[in-house]
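> return atomic coordinates for the entry below.
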Amino acid sequence: MHQLKKETLVSVVRFLARPLIASSFVADGVQKIKSANDPAGRPSALLRRAVDASPLELGDAAINRVAGGVQVGAGALYALGRFPRASALLLAASAVCTALVEHREADTTTKEGRAARRRALLKNLSLTGAALLAAVDTAGKPSLAWRVKNRPAVTSDAPKGA
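Here you go, the predicted structure:
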C-alpha cells in the first residue's frame, strides 16, 4: 500500500514538473524565433562552427530560428511526456548554448550588468541540470539500452509457431 502511494506521488510530481521545466525553454525558443533577425542575437560560436562544418549554408537568423524551433519542439514534447529522455537531452544542449551566448553577450561594464550576467548564468546552469536529470529519469521504465542488454535469449529450442 505504501509503495502505491509513493508511485502515485512520483507520477503526480512528474506530471507537474515536466511542463514547469519545459516552460522556460519554450518561452526562450519562441523569443529566439521572434527576434531571429536581431543583430545582437548571434548564435554561439560552438553552434556556428557546427553549422559551418555541415553542408548547410545558414545565416545567423536561420540558425536562431532552428535553435528556437528545437527548443519549442523539444520543450513541448517533454511537457507532454513524449520521448522525455531524448527531448530533455536536446533541452540540456540548448541550455548550454544559451548559457554560452548570454554569458558572452552580457553587459559587464556596470555592477548591475555583472550581477545580471551572473543570474543568467546560474539560471541557465540550473536549467541544464534539470534537463540532465530529466534525461536520465526512466520514470520506472527500463532504458532502451537496458532492454537490449537484458532481452530474453532466442533459442532454437523454442516451439515452432509459438
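
> contacting residues for the residue nearest to the spatial centre of the chain?
In the chain, the residue lying closest to the centroid (C-alpha atoms, centre = their mean) is residue 91, at 1.0 Å. Contacts for residue 91 (C-beta atoms under 8 Å, 6 or more residues apart in numbering) come out as 21, 22, 25, 71, 74, 75, 78, 127, 131, 134. Just so you know, the C-beta spots here come from the backbone N, C-alpha and C atoms, and that holds for glycine as well.

> what pLDDT does the model give residue 49?
Listed pLDDT for residue 49 reads 81.

> repeat for residue 162
At residue 162, pLDDT is 51.

> repeat that for residue 1.
pLDDT at residue 1 comes out at 53.

> mind checking the SS state of the residue nearest to the centre of the chain?
Under DSSP: H, G, I helix; E, B strand; the rest coil, the three-state class of residue 91 is helix.

> name the nearest residue to it, ignoring sequence neighbours.
Residue nearest to residue 91 in three dimensions, not counting chain neighbours: residue 131, with 4.2 Å by C-beta to C-beta, 6 or more residues apart in numbering.

> okay, now residue 101: neighbour count?
When neighbours are counted by other C-beta atoms under 10 Å, residue 101 registers 21.

> spatially nearest residue to it, not counting backbone neighbours?
residue 44 (4.7 Å).

> quick one: the one you found and residue 103 touch, right?
No. Counting by C-beta atoms under 8 Å, residue 103 is not a contact partner of residue 44; they are 9.5 Å apart.

> neighbour-wise, which of these two wins?
Remark: of residue 44 and residue 103, residue 44 carries more neighbours, 20 against 15, as counted by other C-beta under 10 Å.

> tell me the spacing between that one and residue 151.
40 Å (C-beta to C-beta, to the nearest Å).
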